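**Student:** Got a predicted structure plus its sequence, pasted below:
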Amino acid sequence: MEAEEGLRLGRSVAELRETFRSGRTRGVAWRKSQLRAILKLVDDHEDAIFEALHQDLGKHPVEVYRDEIGVVKKSATNSLSCVEKWMAPKKGQLPLLFFPARGEVLPEPLGLVLIFVPWNFPIALALDPLMGAISAGNTVVVKPSELAPACSSFLANTLPLYLDSKAVKVIEGGTDISQQLLQQKWDKIFFTGSTRVGRIVMSEAAKHLTPVTLELGGKCPIILDTLSDPSEIKVAAKRIAGGKWGPCSGQACIAIDYLLVEQKFASTMIEFLKKTISRFYGENPKNLKNLSRIVNKHQFERLRNILEDPSIAASIIHGGSLDEKNLTIEPTILLNPPLDADIMTEEIFGPLLPIITLTNIQESIEFINSRPKPLAIYAFTKNDSFKKKILAETSSGSVTFNDTMIQFVCDSLPFGGVGQSGFGRYHGKYSFDTFSHEKAVLHRSFFLDLEPRYPPWNDFKMQFIRFAYMFDYLRIVLLLLGYKLKKIFSPGHLA
């Protein structure tokens, strides 16, 4: 059975590679037709997407539109309006020494691309990278997550009805299929998921020297400076709650993982957070509203084990209720849990918010730097010098001041990690660049050939080459002219 599956995958990959070699994906007309098709797919099947995400994750339709459908539509519209400009060669500046000549940088598609899709945003994180690969002119295999089966089935059954099935394929399956896919030779692998699996993907890709983009996770901190205005505290509490519990119940790579705050301000913010949780999700832990469920029993048990650890349970100051039947966990706040516990060393990926108090908020920089580089840092502060200090003294995939999560939907900003939170970037033009190779092209004329570049060597040619690397074209011309005049008026020449 495994051998048969391997043969089927091999045939699919061979067909996609042949399609790429035919050249039809390189034209702007093909790229635009596929982008329009994705827009139409999302428009035609909005209700089906709502239903699939409700089945897999219990997401509310508003959350689905905000985080998935709206993201896809915005990205597709932007790509449609910009793809011709992105495809156009860019002029390259050449040294005057090369005159007459011209240089350009020509974007070309990489070839055959494999996209691994995570389960937490199974529509947006399938179609958004796919649009980048299509915009760049590649053929693509999309591998949805088996942990979001309704969305995986939707993509497998619907994408072939809208897109070029000889250029884009959806291949479903579990870890065995993923492993078989990694045995194939690809021109690019784009992976979104855990650091553990990212290491496996990178190891397999290295066998073929395949370039990879790894969009991983990490523990994204929030730095909360002391605020005095109650209206500002209220806004901060809403944005923090939205960034922690709003995206898929905290099951997001850029969700807030822990909060750093000065001891003197902690109690004030905790009270505002409690009120915000009540307003957003209701007060009855058995009937939570607007909160996605935990993806499966395994992840639910992992989070339960964290909360049932005696040292962690003692730090819970709000929430902590679990509903095993519905796989939901009440938004939970923990105050100063042990720093060596799993909740502070591993990515939480759930609705638990540890709050760590500091004597001085400036200590937050050292705290963050003592841990792996995060995918995102969020900082609420009105202190411009502190903002500069955060930017200068920390490293992360992104920094957002006085808000959370919104950097993800900005096509004009690159999205990606650094260090253990991943590498590579995408969104907007950055997606196009991720799936393209920028080929350097230099055009020269047969007119004007500089003899000092060729043997036989002499002192003059050494001097000329030194000047060529140090001075501008005019000086070189004068040097050459002087050399020619010297030869013309030399006694031997005149004789």
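**Tutor:** Nice, I can see it.

**Student:** mind checking the SS state of the residue lying closest to residue 25 once chain neighbours are set aside?
**Tutor:** Leaving aside its chain neighbours, residue 25 sits nearest to residue 137 (4.9 Å; criterion: C-beta to C-beta, 6 or more residues apart in numbering). Placement of C-beta: from N, CA and C, glycine included. Here residue 137 is recorded as coil under DSSP: H, G, I helix; E, B strand; the rest coil.

**Student:** ok now do residue 137, which residues does it touch?
**Tutor:** By C-beta atoms under 8 Å, 6 or more residues apart in numbering, the contact list for residue 137 reads 25-27, 30-31, 87, 108-109, 436.

**Student:** run the last query once more with 6 Å
**Tutor:** Contacts for residue 137 (C-beta atoms under 6 Å, 6 or more residues apart in numbering) come out as 25-26, 109.

**Student:** which of those residues count as buried?
**Tutor:** Buried members of the contacts of residue 137, scored by 16 or more other C-beta atoms under 10 Å, are 25, 109.

**Student:** export the contacts of residue 137 to JSON lines and tack on distance to residue 186?
**Tutor:** Listed next are the contacts of residue 137 as JSON lines, based on distance: C-beta to C-beta, whole Å:
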{"residue": "25", "distance to residue 186": "15"}
{"residue": "26", "distance to residue 186": "18"}
{"residue": "109", "distance to residue 186": "13"}
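
**Student:** now, which of the contacts of residue 137 sits nearest residue 123?
**Tutor:** residue 25 (22.9 Å; C-beta to C-beta).

**Student:** Surely that closest one forms part of a strand?
**Tutor:** No: using three-state DSSP, the secondary structure at residue 25 is coil, not a strand.

**Student:** Can you list phi and psi of the residue nearest to residue 25 for me?
**Tutor:** phi 90, psi 20 (degrees, to the nearest 10).

**Student:** What pLDDT does the model give residue 287?
**Tutor:** On the pLDDT scale, residue 287 is placed at 82.

**Student:** What is the burial count for it?
**Tutor:** 11 (other C-beta atoms under 10 Å).

**Student:** For residue 321, see how far away it is.
**Tutor:** As judged by C-beta to C-beta, to the nearest Å, residue 287 and residue 321 stand 11 Å apart.

**Student:** Determine which residue lies closest to the centroid of this protein.
**Tutor:** Taking C-alpha atoms, centre = their mean, the centroid of the chain lies closest to residue 416, which sits 3.6 Å from it.

**Student:** isn't that one right up against residue 427?
**Tutor:** No: the criterion here is C-beta atoms under 6 Å, and residue 416 misses it with residue 427 at 8.6 Å.

**Student:** returning to what we had before: measure the residue lying closest to the residue nearest to the centre of the chain once chain neighbours are set aside to residue 415 for me?
**Tutor:** Closest residue to residue 416 apart from its sequence neighbours, by C-beta to C-beta, 6+ apart: residue 425 at 3.5 Å. Counting by C-beta to C-beta, the separation of residue 425 from residue 415 is 6 Å.

**Student:** Show me which of these two is the more surrounded one.
**Tutor:** Applying other C-beta under 10 Å to residue 425 and residue 415 shows that residue 415 carries more neighbours, namely 24 against 19.

**Student:** which one is that one nearest to, not counting chain neighbours?
**Tutor:** residue 427 (4.6 Å).

**Student:** Number of residues surrounding that neighbour?
**Tutor:** Residues near residue 427, counting by other C-beta under 10 Å: 24.

**Student:** so it sits right up against residue 412, yeah?
**Tutor:** No: counting by C-beta under 6 Å, residue 427 does not reach residue 412; the two are 8.3 Å apart.
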